[in-house]
Every structure is written in structure tokens, then in C-alpha cells.
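S.K.: just need the structure, nothing else, for what follows:
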Amino acid sequence: MELVFLEEDQPEYFPNPRNADDSGLVALSKSLGTKRIIAAYKQGIFPWMKMEEPPYLWCWYSPNPRMLLYPNEFKTARSLAKAIKNNTYEVRVDQNFAKVMSKCASIKRSHEESSWIEPDMQIDYGLLHQQGIAHSIETYLNGELAGGLYGLAVGNAFFGESMFHQSPEASKVCMAKLVEIAKGAGLNFIDCQVPNPFLHSLGAREVSRDLFLDELAQACKQTKSSIDWTALAENNS
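M.R.: Got it, this is the predicted structure:
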């Protein structure tokens, strides 16, 4: 597949990801933009990293295989179950999106030299949050932010982007809350993008890109999320 450079005046155009190799790099672009981001996710593509050298282009991916978490397959380890039962953390929805994203960008991870969550990404995803498309789930301990995750909610799917924790089980409690929300709304899946042992421990599994794209087409027939995020934000528990 020939690598495509995306034109700024066609923000919703992407080449067919089914034609990409397994690494999944399908396109490059100068900028992100909210229209392009939404269009990308609906087509099974996401911005993963920005080139470290000029001209600093964004790289858009649709890897094969894809890591998905089906809500009914979520695994609750004993330590997580204990944290939930004891109400160790206060869980809130959409109360501190910008800080969650900033924390995800700043947390050092052993398998990454630097964060892919660039400042311009934080700006555009912040705009998506204002539009009711990007959302965060947060845990608090003694009133302080202890963990969180964020992602995009489109149709009958949630596309997880990143998560962080500063206390044991704090991010897992966020994931458990997301799964609870997903089950209540009848979501088809939570997209975890690329495989890693942590996600696998929570019950996520790899599926072929073709299967993912087939399921995606069914899940994202509409942009509006099937979850009532406004009600969740107003009724934090």
C-alpha cells in the first residue's frame, strides 16, 4: 500500500485501512483537527505518534491485529474487586478531562522513550471533549486525582486512548467503571488499539483487523454515543 499524505482541505478522507500492512501505517498529515480525528476513528484509524524530525508529520495507524475488550469478558482480579468493594476510590466522570490527559502524557512508561500525547493533541482532544465526544473517567483518593483514563465515544463503541495511575488499582477502577457503563449502554466493544500484557490481564484480546473493521461498521453507524455522558457527569458516584 502506498503511503498517503492527507490534504488539509479533505479532513475526512483516509485510504482503506484493509490495504495496509500489519504495522498499520496508513497515512501522514501535517495536522490533526477534530473532523479528521472523528473520521479516523469511525474508519478504524487513530493518530499514534508524531515524527521526531522535520517536518514533524502525524502518523495514522490501523494495526493488525487489534486489541479489543468486549465488556462481558472483563476480568476483575482479587485486588481490584477488593478496591471496588471497599470504595477505596471516589469515581467521577468528565470532571477533569484536561488533567487526566496531561497526566497520561507525563507519566513515564518503561516501554516508551517519550509520550505520543503531544501538546497539539491535547488541544484537539480537549475540543472533542467540549463537543461531547472525548471523555474521561477519574478516581480520587482523599480528594486528589489518583488515576484516570480517557478516550472517544462514538456510536456503540468506546475508543480508549490512554490511562494512568498514581495509587494501586486506581486506573483499573476507572476501567471497571467504563465496563459498567459500557454494559449498561450495550456497547459492542472497547477499543484498546494495540496489544499489551496489562490489557490482556483485564480480558482484552486480539482480533484480526478485518474482523475489527466489520464490527466497527456495525458499532459506528452514527457518531452520537449511545451513552448519556451528561447524566453520568451530573451523577458522579
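S.K.: quick one: Lys30 from Lys50, how far?
M.R.: Counting by Cβ to Cβ, to the nearest Å, the separation of Lys30 from Lys50 is 10 Å. (C-beta placed from N, C-alpha, C; glycine too.)
S.K.: Ala219 now?
M.R.: 28 Å.
S.K.: and those two? Which one has more around it.
M.R.: Ala219 (20 against 15; other Cβ atoms under 10 Å).
S.K.: quick check: the more buried one touching Ala153?
M.R.: No: judged on Cβ atoms under 8 Å, Ala219 makes no contact with Ala153 at a distance of 10.9 Å.
S.K.: what's around Thr230, how many residues?
M.R.: A total of 11 residues lie near Thr230 under the criterion other Cβ under 10 Å.
S.K.: again but with Lys42, I slipped
M.R.: Neighbours around Lys42, by other Cβ under 10 Å: 22.
S.K.: count the neighbours of the nearest residue to it once chain neighbours are set aside for me.
M.R.: Closest residue to Lys42 apart from its sequence neighbours, by Cβ to Cβ, 6 or more residues apart in numbering: Cys220 at 4.8 Å. As a burial measure, Cys220 scores 19 neighbours (other Cβ under 10 Å).
S.K.: can you list the strands that the helix or strand bottoming out on mean pLDDT in the chain pairs with?
M.R.: When the helices and strands of the chain are scored by mean pLDDT, DSSP states H and E, strand 46-50 comes last with a mean of 90. Sheet pairing for strand 46-50, assigned by DSSP bridges, gives strand 58-61 (antiparallel).
S.K.: can you get me the centre-to-centre distance for the strand it pairs with and its chain?
M.R.: Averaging C-alpha positions (Cα atoms, centre = their mean, to the nearest Å) puts strand 58-61 15 Å from its chain's average.
S.K.: who touches it?
M.R.: 6, 14, 23-32, 40, 45-51 (Cβ atoms under 8 Å, 6 or more residues apart in numbering).
S.K.: among those residues, name the buried ones.
M.R.: 6, 14, 24-27, 29, 32, 40, 45-49 (16 or more other Cβ atoms under 10 Å).
S.K.: any chance of these in a markdown table, with distance to Pro195 too?
M.R.: Shown next, in a markdown table, are these (distance: Cβ to Cβ, whole Å):
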| residue | distance to Pro195 |
| --- | --- |
| Leu6 | 26 |
| Phe14 | 23 |
| Gly24 | 12 |
| Leu25 | 17 |
| Val26 | 19 |
| Ala27 | 22 |
| Ser29 | 25 |
| Leu32 | 24 |
| Ala40 | 20 |
| Ile45 | 17 |
| Phe46 | 15 |
| Pro47 | 19 |
| Trp48 | 14 |
| Met49 | 17 |
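S.K.: which of those scores worst on pLDDT?
M.R.: Comparing pLDDT over the buried ones among the contacts of strand 58-61, Met49 scores lowest. The value there is 84.
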